[in-house]
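Student: Please find the sequence and the predicted model below.
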Amino acid sequence: MAFSQGTRINTNIAAMNAYNALNDINRELGVHQLRLATGKKINSVADDPSGYTIAKKLQARSRGLAQAINNVGDAKNVLSIAEGGLQKINDLLVSIKEQATRAVNGGLSDDELQAIATQINDYLAEIDDIVRQTKFNGMQLLQDSAGGGAWSSGRAFQVGSDAGDTLTVSFTIVVDRSLIVASPATVVATTDLTSSFITTVDNAIRTVTQQLQYVGSLINRLDVKEANLVVSMTNTEAAASRIFDADIAKEQVEVAKLMILQQTATAQLAQANASPQGVLALFR
């Protein structure tokens, strides 16, 4: 830094030095005041190029994790709807087995057997209705033996922020009428109500309970994933905050210091501008 000899007035080095110092202080003061106004330590890439890049990547990951949490919630909703339908179907199958067991009774007349067959038919019709009406977002979740559709082949849910962090949810054929009805007919005749029919109903119950187990296991997995995603998102946001967000207390201390320096630099600039007047004494 150059220093003035005091007797040269054409170029006031002291005033220029004070002026440059005042400009530096004003510029730095503006930076800290902007941080206080926005709450951000990095307000432009020039403030910290590498920190800006790292923080933005962390923020992108955090937002991806937040959306993954929403996806997990949707997957749990899908599974809960399917679980409700499957439980109702299972209850109806248990009732069908009860009626089928009652039918294998030599003491019953044909009229009584027909009444049992009618009741079983009603249960079967209700199972068909449940399969058809168990939907999410207009898409049928459960399928019968004549089914198919998107959920039988599987639908993927993004349950993480990275590529490949997916979970596929699929529902196989849960109600096969051939497991319930001994003949290809669409109704249960009294001749179908034999002890072998109980075996077919047991097979149907086994099929549905396996699907219920699958649904329950997936819900448990999703609960664990959701808890892990929440922790990951919190930690990621904390890491980005340490880089991107301003420490308000520290910034206020810096502003107070710079405001004092601003006043002293202004005073020194005034004194430096006045100091060349001492040369006039040489002409008295």
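Tutor: Here it is on my side, so go on. Numbering: from 1, shown residues only.

Student: what residues are up against residue 112?
Tutor: Not one residue lies near residue 112 by CB atoms under 8 Å, 6 or more residues apart in numbering. Glycine gets a C-beta too; all of them are placed from N, C-alpha and C.

Student: Let's see that with 10 Å instead.
Tutor: 102, 103, 105, 190 (CB atoms under 10 Å, 6 or more residues apart in numbering).

Student: Out of these, flag the one nearest to residue 207.
Tutor: Using CB to CB, residue 103 comes nearest to residue 207 of the contacts of residue 112, at 21.7 Å.

Student: Wasn't residue 168 part of a helix?
Tutor: No. Residue 168 is assigned strand when assessed by DSSP: H, G, I helix; E, B strand; the rest coil, not a helix.

Student: could I get the contacts of residue 112 as CSV with pLDDT?
Tutor: Below are the contacts of residue 112 laid out as CSV (pLDDT from 0 to 100):
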residue, pLDDT
102, 89
103, 86
105, 85
190, 73
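
Student: Among those, which are located in helices?
Tutor: Counting by DSSP state H, the contacts of residue 112 place 102, 103 in helices.

Student: Quick check: closest non-adjacent residue to residue 110.
Tutor: residue 190 (6.6 Å; CB to CB, 6 or more residues apart in numbering).

Student: now the one you found: how far from residue 106?
Tutor: Per CB to CB, to the nearest Å, residue 190 is found 14 Å from residue 106.

Student: what do you get for residue 259?
Tutor: Plainly put, residue 259 is 104 Å away from residue 106 if you go by CB to CB.

Student: Show me which of these two is the more surrounded one.
Tutor: Neighbour tally, residue 259 and residue 106, criterion other CB atoms under 10 Å: the higher count belongs to residue 259, 13 against 4.

Student: before we move on, back to that, tell me how many other residues crowd the residue nearest to residue 110.
Tutor: As a burial measure, residue 190 scores 17 neighbours (other CB under 10 Å).

Student: Was I right to think it contacts residue 104?
Tutor: No. With contact defined as CB atoms under 10 Å, residue 190 does not count as touching residue 104 (11.7 Å).

Student: picking that back up, which residues touch the residue nearest to residue 110?
Tutor: Residues near residue 190 by CB under 10 Å, 6+ apart: 103, 108, 110, 111, 112, 113, 114, 115, 116, 117, 118.

Student: Could you rerun that using 7 Å?
Tutor: Shown in contact with residue 190 (CB atoms under 7 Å, 6 or more residues apart in numbering): 110, 113, 114, 117.

Student: What is the subsequent helix or strand relative to the helix or strand hosting the third one?
Tutor: Taking DSSP states H and E as the definition, residue 114 sits inside helix 110-133. For helix 110-133, the succeeding helix or strand toward the C-terminus, using DSSP H and E, is strand 135-136.

Student: If you count contacts, what does that following strand end up packed against?
Tutor: Applying 3 or more CB pairs under 7 Å, 6 or more residues apart in numbering; DSSP states H and E, one finds that strand 135-136 contacts helix 49-103.
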